[in-house]
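# After the sequence you'll find the predicted model.
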Amino acid sequence: MQETWRWFGPEDTVTLEQIRQAGASGVVTALDHIPTGDAWSLEEITARQSLLKENGLEWSVAESIPVHQDIKLRTGNYQAYIDNYRQSLTNLGEQGIRRVCYNFMPVVDWTRTNLNFELDNASSALRFEMSDFVAYDIHILQRPAGASDYSQAQLSMAAERFAAMSSKDKTRLESNIIAGLPGGEGSYNRQGISKAIQAFQDIGNEGLRSNLFAFLADIIPTAEAAGVVLAIHPDDPPFSLFGLPRVVSTAQDARAIIESVQSTSNGLTMCAGSYGARSDNDLVAMVNEFGPSIHFVHLRNIQREADGSFYETQHLDGDNDIVGIINALLNQEASRRQNNTPLTEIPMRPDHGHAIGDEKNDPTVRPGYSFAGRLKGLAELRGVIHTLTTLGQRG
Ligand code: DNO
C-alpha cells in the first residue's frame, strides 16, 4: 500500500516537508480554489504537481473533484459541468495522475455535530451525535417535513437536548453542520441550506441513483481513455440526513454502482470510517468482494452507539477491524501483482486524527486534519502493514 497524506494546498499549515518526514510518499490533494463545476486546466494541474515533485512527493490521488449539485439533480447546467468534468479527467490523465476520488452526497458533504469531543486521554475527536443533529433539523432549521423523518423517541431526545442548549451552543452546532468541513463541498447559511434541501426533496433514492448512473455512463469512457480510475467516496455518515436520499452507504449500494458501468475506471474508495459507521456493513467482506474495484483507501476507526451516533477513535481502537481490513487489502494487492494488473499498489491515507496537545486550541488546525494526530495514525497503520507483510498475510 502506498502511504499518502491529504494536503490542502499551499495554504495548508502542514508543510510538504512535514509530510515527507511523516513517511508518506504520495500526496492526496485537490485544486480547491477552482470553483465547483469548472474544469481543472493543464496549467493548474501541472503547477500543483511540480510543487509536489520539487518536494520529493507524488500526486497520487485527486481528492476530490467535486460533483456540481446540478449534476446530482440532472438539471440546469449539468451538461456543461459534465463536459468540464471530462476535461479535468483528461487533463489529469495526461499528467499521469490516475486516481480521482469524488462523492455523490446531496447538499452536504461529510458532516459532524461536535468538532471537539474530549476523549479520556484529553485529546479531541470528531463526533456525530444523533440527538444534536435532530435538534438542529427540527428546532433550529425547522425543516417543514422534518418531524416525519424521525421516531417519537428521537424527537423527544432532541427536544430535551435543544432545551439544554445555550445560544452559543446553537450557533456552534449550526456552524459545525452547515458551514462545511475541510475538503467538503458546500458551505451554507440557514436560508441557503433550506433551499438546497428543497431542491432534492422529491428526487428520492431511485432518482439520485439513476442520476449517478447516468453521470457514470457519461464520464467513464473518458476516464478509460485518459487512463484514470474513479473512486467514489461513501456517504459520511452513511444514512439519510435532512430526509435526503443516500446512494453510497451500503455494500448493496457499492455493488449496484460497480455493476452500473462495468469498467476498472468505475471504482470505489474504501473509507473505513464512513462505511464502518453502520453495523450492517462488514468491511472485510466488502474488501474481499469489491477488491478489484478499490482504488483508494481511507483508514479510520469509529465507536458506534445504539442510536446512530459515533465518534472517531484512535486508528486501531473502535469497531472497525483495521487489521482485518488491511490484511484483505494486502491480499488484493498480491492478487493484482500475480495477474499483472495495472495500478497494483493501493494508496491509503490515515483519515483524520485527533487534535493532540496544543493542536486542541489552535484555530489554524483543520478539524480532523491535525498533524500530530494523523502522524500517530499513520505510524500505527504502518506498523500493521509492516507486521502483516513481514509475517505473511492471513488467507
Ligand atoms: C473527510 C473526507 C471528505 C472526502 C470527500 C470525498 O474527511 O473523507 O472530505 O474527501 O467527501 O469526496
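Nice, I can see it.

# Quick check: Leu381 vs the ligand, distance?
With distances taken as Cβ to the nearest ligand atom, to the nearest Å, Leu381 is found 16 Å from the ligand. Just so you know, the C-beta spots here come from the backbone N, C-alpha and C atoms, and that holds for glycine as well.

# Then Trp5?
13 Å.

# Kindly report the same for Asp202.
In this view, Asp202 and the ligand are 24 Å apart by Cβ to the nearest ligand atom.

# Now that residue. Its backbone dihedrals?
phi -100, psi 0 (degrees, to the nearest 10).

# how much space between it and Gly377?
Note on Asp202: its distance to Gly377, by Cβ to Cβ, to the nearest Å, is 41 Å.

# Pro237 now?
Remark: distance between Pro237 and Gly377 (Cβ to Cβ) = 20 Å.

# rewinding a little: specify which residue of Asp202 and Gly377 has the higher count of neighbours.
The neighbour count for Asp202 versus Gly377, taken as other Cβ atoms under 10 Å, is higher for Gly377 (25 against 7).

# Give me the buried positions along stretch 113-126.
Within stretch 113-126, the residues that count as buried by 16 or more other Cβ atoms under 10 Å are Thr113, Asn114, Leu115, Phe117, Leu119, Ser123, Ser124, Ala125, Leu126.

# how about the CA coordinates for stretch 256-265, as PDB?
Extracted as PDB, the C-alpha positions of stretch 256-265 are listed here (Å, rounded to 0.1, in the frame of the first residue of the first chain):
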ATOM      1  CA  ALA A 256     -25.000  -1.500  -7.800                       C
ATOM      2  CA  ILE A 257     -22.500   1.200  -8.700                       C
ATOM      3  CA  ILE A 258     -19.900  -1.200  -9.900                       C
ATOM      4  CA  GLU A 259     -22.400  -3.100 -11.900                       C
ATOM      5  CA  SER A 260     -23.900   0.000 -13.500                       C
ATOM      6  CA  VAL A 261     -20.900   0.600 -15.800                       C
ATOM      7  CA  GLN A 262     -18.600  -2.300 -15.900                       C
ATOM      8  CA  SER A 263     -15.100  -0.900 -16.100                       C
ATOM      9  CA  THR A 264     -11.900  -0.700 -14.000                       C
ATOM     10  CA  SER A 265     -12.300   3.000 -14.200                       C
END
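
# residue farthest from the centroid of this protein?
Each residue of the chain has a distance to the centre, and by Cα atoms, centre = their mean the biggest one is for Ala163: 32.5 Å.

# Ranking helices and strands of the chain by mean pLDDT, which lands last?
Lowest on mean pLDDT, DSSP states H and E among the helices and strands of the chain sits helix 190-200, with a mean of 94.

# Does the helix or strand following that helix reach the ligand?
For helix 190-200, the following helix or strand on the C-terminal side (DSSP states H and E) is helix 204-226. No: residues of helix 204-226 are not located near the ligand by Cβ under 6 Å from any ligand atom, the shortest gap being 13.2 Å.
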